[in-house]
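*Asks:* pasting the sequence and the predicted model now:
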Amino acid sequence: MSNLVLDYREEQKKKALSPGEQKSFFKHHLLPQIFFFTVGFPKGSFISVDVTDQCNLRCQHCYFFEQEQQGVLDADGWEQKLLEMKKNHRMMYSCTWVGGEPLLRKGIIEQCKKHFLHNLIVTNGTMPLPDWDDVMYHVSVDGNEAAHDNMRRQRGLYQLMKKNVSRKDLHVTAAMCITSLNVDTIEDVLEDWYTTTYLRSMMFDFYTPIEGLTDDLWIGWEKRDAVLQRLQELKDTKYGEFIAMSERTIELMKSHNSKKVTDNCLFEKKGYSLTTTGQVKEKCMLGPKADCDRCGCVVPYYLHSRVEKKEIVKSTVEHVRNRMRNRFLKEANVS
Ligand code: SF4
Ligand code: SF4
């Protein structure tokens, strides 16, 4: 690990929130979480917007170009659309800006992000990130350098992406979609991004089969369960919060839990996925052909974990107990 990155990781572990960050955390994160915990997710809490029908890449696993796109709204068109939706849905908490490559039309996001408490931009990392410190970026990583460039059909993209997104000043998370082509590279990728970039965290999805696309990328349940188990071990032993998935989310993604989540997908029930023209898409951002029974998207599992009151109370109690025990041990060692 380079010394600079090592220092940065240590800094992150110790870092206390500044007063501005505390205020923002309270308003944008804690208050909404308490609200959702108390009353559940109102319809319209989550929006996803297909910002553009254009992309500068043509990845092997892309679901986007399987769907028919029929034009695009401009920034004013989107703003009007969102304001109309807000009349019926007061709690439009978060927006995920996707595409295509959403940064090809960043003016839309710049104009409309103010309508949400939380904004997430999913990008392929081929272009510099705008200096917006009020959004989260998810950069899509498709495995180690060889696997990524192969999947994206272009050499040099992996290094270019790392250069563009390794930013201390922004909230960037790497999101790796696990497929049969990159499943053996997970630990390489994790170590590489942990030791050579300034990313805050990394998370993992699995490829969701799409009707009409090859099934070859799906890794099967047995392997998926083994990967999830391994991710939990890596989180517990080395990477901690750098793996930005809670223990409960990981557990819900396993085969014995998955169907109870996807049969009642909260993203489908409580969210809206909007096409490039602002029309509501069936199911979710993956479109109507997504195979929900084998859904690998982390979102429904995360959302489900946020409404399981018994589990939340249990994990909070455990968390507090662990903190108190660690504190006690630390003090006992000092004296
Ligand atoms: S970068 Fe994303 S939108 Fe573009 S082709 Fe690849 S998967 Fe599709
Ligand atoms: S594919 Fe996944 S996220 Fe989409 S509607 Fe189905 S279960 Fe929900």
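*Replies:* Ah, there it is. Ligands and ions are numbered 1, 2, ... in the order given.

*Asks:* packing partners for the longest strand that the chain contains?
*Replies:* The residue-count maximum for a strand in the chain (DSSP state E) belongs to strand 171-178. In terms of contacts (3 or more CB pairs under 8 Å, 6 or more residues apart in numbering; DSSP states H and E), strand 171-178 is packed against strand 136-141, helix 186-196, strand 201-206. Heads up, the C-betas are built off the backbone N, CA and C, glycines and all.

*Asks:* want to throw these into TSV with mean neighbour count?
*Replies:* Listed next are these as TSV, based on neighbours: other CB atoms under 10 Å:
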stretch	mean neighbour count
strand 136-141	23
helix 186-196	17
strand 201-206	21
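
*Asks:* pretty sure L170 is touching L129, no?
*Replies:* Yes - here L170 reaches L129: they are 6.0 Å apart, a contact under CB atoms under 8 Å.

*Asks:* who touches both of those two?
*Replies:* Listed as contacting both L170 and L129 by CB atoms under 8 Å, 6 or more residues apart in numbering are Y137.

*Asks:* which residues sit against the longest strand of the chain?
*Replies:* Here strand 171-178 has contacts from 61, 122, 129, 133, 135-143, 165-166, 182, 186, 189, 193, 197-207, 219, 224, 227, 244, 296, using CB under 8 Å, 6+ apart.

*Asks:* spatially nearest residue to M127, not counting backbone neighbours?
*Replies:* L103 (5.5 Å; CB to CB, 6 or more residues apart in numbering).

*Asks:* from D188, how far out is that neighbour?
*Replies:* 27 Å (CB to CB, to the nearest Å).

*Asks:* report pLDDT for H319.
*Replies:* As predicted, H319 sits at a pLDDT of 65.

*Asks:* how far does the host helix or strand of Y272 sit from its chain's centre?
*Replies:* According to DSSP states H and E, Y272 maps onto strand 271-274. Taking CA atoms, centre = their mean, to the nearest Å, one finds strand 271-274 lying 16 Å from the centre of the chain it belongs to.

*Asks:* circling back to that earlier point, if I look at the residue nearest to M127, how far off is K168?
*Replies:* Distance, L103 to K168, using CB to CB: 20 Å.

*Asks:* quick one: name the residues of the stretch 101-250 of the chain near ligand 1.
*Replies:* By CB under 6 Å from any ligand atom, the part of the stretch 101-250 of the chain that sits against ligand 1 consists of E101, N124.

*Asks:* let me see the ranges of the helices in the stretch 101-250 of the chain.
*Replies:* Per DSSP state H, counting those that start in this stretch, the stretch 101-250 of the chain carries helices over the ranges 106-112, 145-151, 157-165, 186-196, 221-234, 247-252.

*Asks:* export these to TSV and append columns for mean pLDDT.
*Replies:* Converted to TSV, the helices of the stretch 101-250 of the chain look like this (pLDDT from 0 to 100):
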stretch	mean pLDDT
helix 106-112	97
helix 145-151	96
helix 157-165	97
helix 186-196	97
helix 221-234	98
helix 247-252	95
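
*Asks:* what sits up against stretch 130-139?
*Replies:* 103, 106, 109-110, 113, 118-125, 129, 161, 165, 169-175, 203.

*Asks:* same question for stretch 82-93.
*Replies:* Counting by CB under 8 Å, 6+ apart, 32, 35, 42-47, 112, 115-118, 272 sit against stretch 82-93.

*Asks:* and what of stretch 206-215?
*Replies:* In this structure, residues lying in contact with stretch 206-215 by CB under 8 Å, 6+ apart are 61, 63, 66, 177-180, 217-219, 224, 227, 253, 286-287, 289-291, 294-297.

*Asks:* out of the residues you listed, which are buried?
*Replies:* Buried members of the contacts of stretch 206-215, scored by 16 or more other CB atoms under 10 Å, are 61, 63, 177-179, 217-219, 224, 227, 253, 286-287, 289-291, 294-297.

*Asks:* measure whatever residue of the stretch 101-250 of the chain ends up closest to ligand 1 to R105 for me?
*Replies:* The nearest approach of the stretch 101-250 of the chain to ligand 1 comes at N124, 3.6 Å away (CB to the nearest ligand atom). Going from N124 to R105 by CB to CB gives 14 Å.

*Asks:* who's more crowded, L103 and K168?
*Replies:* Neighbours were counted for L103 and for K168 using other CB atoms under 10 Å; L103 has more, 24 against 13.

*Asks:* surely the more buried one and G125 touch.
*Replies:* No - using CB under 8 Å, L103 makes no contact with G125, being 9.3 Å away.

*Asks:* please tell me how far the residue lying closest to I243 once chain neighbours are set aside sits from D50.
*Replies:* Residue nearest to I243 in three dimensions, not counting chain neighbours: K235, with 4.3 Å by CB to CB, 6+ apart. For K235, the distance to D50 (CB to CB) stands at 32 Å.

*Asks:* the more surrounded of the two?
*Replies:* The neighbour count for K235 versus D50, taken as other CB under 10 Å, is higher for D50 (25 against 19).

*Asks:* can you report how many residues lie near the closest residue to the more buried one other than its chain neighbours?
*Replies:* Among residues not flanking D50 along the chain, T276 sits closest, at 4.7 Å (CB to CB, 6+ apart). As a burial measure, T276 scores 21 neighbours (other CB under 10 Å).

*Asks:* check which helix or strand covers T276.
*Replies:* Here T276, judged by DSSP H and E, is contained in no helix and no strand.
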